[in-house]
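everything below, folded, please.
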Amino acid sequence: MREPALPLKCLWTLLFALGLGLILLLLFATLEPRPLDGEALNYFPAAMLEQGRRFAREARLAATLKALASLGALAVLCFHPAGARLLTWLEARGRGRWPRQVAWVAVGVGAMAAVVELPFAYYLGHAHERAYGLTRQSAWAWLGDHLLGAAVGLVFSALLWLALYALIRRSPRRWWAGASLVMAGYSLLLAALYPVLLLPLFHQVRPVDDPQVLAMIHSLAERAGVRVEKVAELRVGDESSRLNAMVAGLGPTKQVLLYDTLLRELSPAEVEAVLAHELSHAVHADLFRGWALQAALNAAAMWLAAWMLRAMRGVSPLGLPAAHAPRGLALLMLFLSLCDIAGTPAQAALSRRAEVRADKYALELTQNPRALVQSFQKLARANPGDVAPPPLVEVLSHSHPSIIRRIRAAEGR
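This next block holds a predicted model:
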C-alpha cells in the first residue's frame, strides 16, 4: 500500500472543492433573506410568492443534505478502511469471475446509495409535495413507485458498468474513448425508451382523443414544419396537481406528452402557447444539443477517470491491484458524480438558452403574448417555486429562466 501522489491528491481536492462548494453556495444563496420582487407582485399575490419561496428553500435544503449524504457514503467506501473492506468483500462474492465481481459491486454500491438517499427522496418526492397539496398519492404508493424506479435503475446501471469494465480490461489506458461512446449511446437509448417503456411503468399513458386539441397540435406542427407521430395524455391527475407538457422520445418514439391536469386547467389558447413552446424543442433539436454537451462533458470526465484509476493503483486503503479491479467501480461512481456536479452550470446555461428560444418561437407561432403570460402564471401556481430566485441560483442551477424573466420577455420588456 502507498500514499497517493501529489497530482492525484490535487485532482481529488479540486473535485471535492468544486462539488461541495457549488452545493453549499447554492444552499446559502437560496436561504439568503431578501424582499419580495416588486415586479412579481404585479402578477402574483404576496402570499403565493412567500409560499413558493418557502417551498424552494425547503427543497434546496433537503436536496443539499441528500447530495452530501450520497457523496459522503461514496467517500467512506473509497477512502475509509471499513469501506474498502466492504468493497473487497463484495468483489470476492464474484468468485474470481470479473462479470460477477462487477455486478456484485455495482448492485451493492447502488443499493447502499439508495438506502442512504431514501429518507431524502421520501421527503422531496412525497412528504414535501403532500405538505403543499401537490400530491394525492399515499406513502405506500410512492414507496412502490420509488422502489420500482430504483430496481430498474440498478439493472440498467449494472449493465452499463459491465460494458465499461469490459473496455477497461481490454485497454486500461484508452478505455475512456470507447466508454464515452457507450455512455453517449446509453443516454440516447434511455431517451428513446423513456416515453414508450419507462414512463408507462409509473403513469397511465393514452392517446389524446379531444379533436380540438389534436387539430391544434397538428396545425402548430404544420406551421412549425415538424412531424408529430403521436400525441399522448399522461394521467397524473389522480396523484398530482402539477401541470406539465413535453416532447419526448427519438425518431419513431418521439411524441407530444400532455399532463391531463394541464388540459383541464389551461384554456385552449394557453394550451396552444405551451405546445408551441414544446414544439420549438423539436424544431431546434434541443434534445440533441443537450445530449451532445453531456457527451462532451462525459468524454472529458472519462479521460480524467482513466488516468485516475491508473494513479490509484496500490493506493491505501482500497489498494487497487489494477485499473480494472471491480472494487474501483466505487471510485468511478464518486469521481463521475463530482464531475457531474461541476458540469451542472454549463448544462443549465444551455438549457436556459433553449427555453428562451422556445418562448420566442411560441410567440412567433401563436402571436398571442397574453396567452403565454397567463400560462406562465398558471404553471407557477401549480408548480410552486421561487418565481424570482437570486441571480446566482438561476445561473448555476436552473434549467429554465425564472418565471418573472419569462413574463417580462413575453411582454417585450
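
give me the buried positions along the strand or helix carrying Leu258.
For Leu258, the host element (DSSP states H and E) is strand 255-259. Residues Gln255, Val256, Leu257, Leu258, Tyr259 are the ones in strand 255-259 that count as buried (16 or more other Cβ atoms under 10 Å). From N, CA and C alone the C-beta is placed, and that goes for glycine too.

what are the ranges of the strands in this protein?
For the chain, the strands defined by DSSP state E occupy 204-207, 231-235, 245-248, 255-259.

and those: which comes nearest Val393?
Evaluated over the strands of the chain, closeness to Val393 peaks at strand 245-248, with 23.4 Å, by Cβ to Cβ.

that closest one pairs with which strands?
With DSSP bridges as the test, strand 245-248 is paired with strand 255-259 (antiparallel).

need the residues that contact the strand holding Leu258.
Applying Cβ atoms under 8 Å, 6 or more residues apart in numbering, the external contacts of strand 255-259 come out as 195, 199, 205, 208, 213, 217, 228-234, 236-237, 242-249, 271, 275, 278-279.

how does it look with 6 Å?
If you take Cβ atoms under 6 Å, 6 or more residues apart in numbering as the criterion, strand 255-259 is touched by 195, 228, 230-234, 236, 243-249.

same question for stretch 14-28.
Stretch 14-28 is contacted by residues Arg60, Thr64, Ala67, Leu338, Ile341, Ala342, Val393, Leu396, Ser397 when judged by Cβ under 6 Å, 6+ apart.

for it, buried residues please.
So for stretch 14-28, counting by 16+ other Cβ under 10 Å, buried means Leu15, Gly19, Leu22, Ile23, Leu26, Leu27.

and it, how far from the chain's centre?
Offset of stretch 14-28 from its chain centre (Cα atoms, centre = their mean, to the nearest Å): 18 Å.

mean confidence score for it?
If you average the pLDDT over stretch 14-28, you get 95.

on that earlier part again, pLDDT-wise, what's the bottom of the contacts of strand 255-259?
Val228 (74).

from Thr261, how far off is it?
Computed as Cβ to Cβ, to the nearest Å, the Val228 to Thr261 distance reads 21 Å.

next: Val205.
Val205 is 14 Å from Thr261, by Cβ to Cβ.

quick one: which of these two has more around it?
The neighbour comparison of Val205 against Thr261 (other Cβ atoms under 10 Å) goes to Thr261, with 20 against 16.

just checking, the more buried one touches Gly237?
Yes. With contact defined as Cβ atoms under 6 Å, Thr261 reaches Gly237; the gap is 5.0 Å.

would you list the phi and psi of Leu36?
Dihedral pair for Leu36: phi -70, psi 150, per degrees, to the nearest 10.

next one: the residue nearest to it when sequence neighbours are not counted from Ala29, what distance?
Spatially, and ignoring its direct neighbours in sequence, Leu36 is nearest to Leu49 (5.2 Å; Cβ to Cβ, 6 or more residues apart in numbering). Distance of Leu49 to Ala29, computed by Cβ to Cβ: 18 Å.

got it, and Gln294?
25 Å.

most neighbours among the contacts of stretch 14-28, which one is it?
Neighbour max across the contacts of stretch 14-28 (other Cβ under 10 Å) = Leu338, 23 neighbours.

I'd like the distance between that one and Glu272.
For Leu338, the distance to Glu272 - Cβ to Cβ - is 43 Å.

check Gly251 too.
Distance from Gly251 to Glu272, by Cβ to Cβ: 26 Å.

please say which of those two ends up with more neighbours.
Glu272 (23 against 8).

that one and His218 touch, don't they?
No. Between Glu272 and His218 there is no contact under Cβ under 6 Å: 11.9 Å.

number of residues surrounding Asn42?
The burial count for Asn42: 9, using other Cβ under 10 Å.

what segments of the stretch 1-150 of the chain are helices?
Remark: helices assigned in the stretch 1-150 of the chain by DSSP state H, counting those that start in this stretch are 6-31, 46-79, 81-92, 98-122, 128-131, 139-170.

closest to Phe376 out of those helices?
Comparing those by Cβ to Cβ, helix 46-79 comes nearest, at 13.1 Å.

and Gln212, how many neighbours?
Neighbours of Gln212 using other Cβ under 10 Å come to 9.

which residue, other than its chain neighbours, is closest to it?
Nearest non-adjacent residue to Gln212, counting by Cβ to Cβ, 6+ apart: Pro268, 6.5 Å away.

quick one: the one you found from Arg136, how far?
To Arg136, Pro268 is 26 Å away according to Cβ to Cβ.

from Trp176, how far out is the nearest residue to Leu332 once chain neighbours are set aside?
Excluding its sequence neighbours, the residue lying closest to Leu332 (Cβ to Cβ, 6+ apart) is Ala305, at 5.9 Å. Going from Ala305 to Trp176 by Cβ to Cβ gives 7 Å.

how many other residues sit next to Arg57?
By the measure other Cβ under 10 Å, the count of residues near Arg57 is 15.

mind checking pLDDT for it?
95.

tell me who's in contact with it.
Here Arg57 is in contact with Thr30, Leu31 (criterion: Cβ under 6 Å, 6+ apart).

how near is it to Pro384?
11 Å.

check Leu124 too.
13 Å.

these two: which has the busier surroundings?
Using other Cβ under 10 Å, the more surrounded residue of Leu124 and Pro384 is Pro384, with 21 against 17.

which residues does that one contact?
Contacts of Pro384 by Cβ under 6 Å, 6+ apart are Gly52, Phe55, Tyr132.
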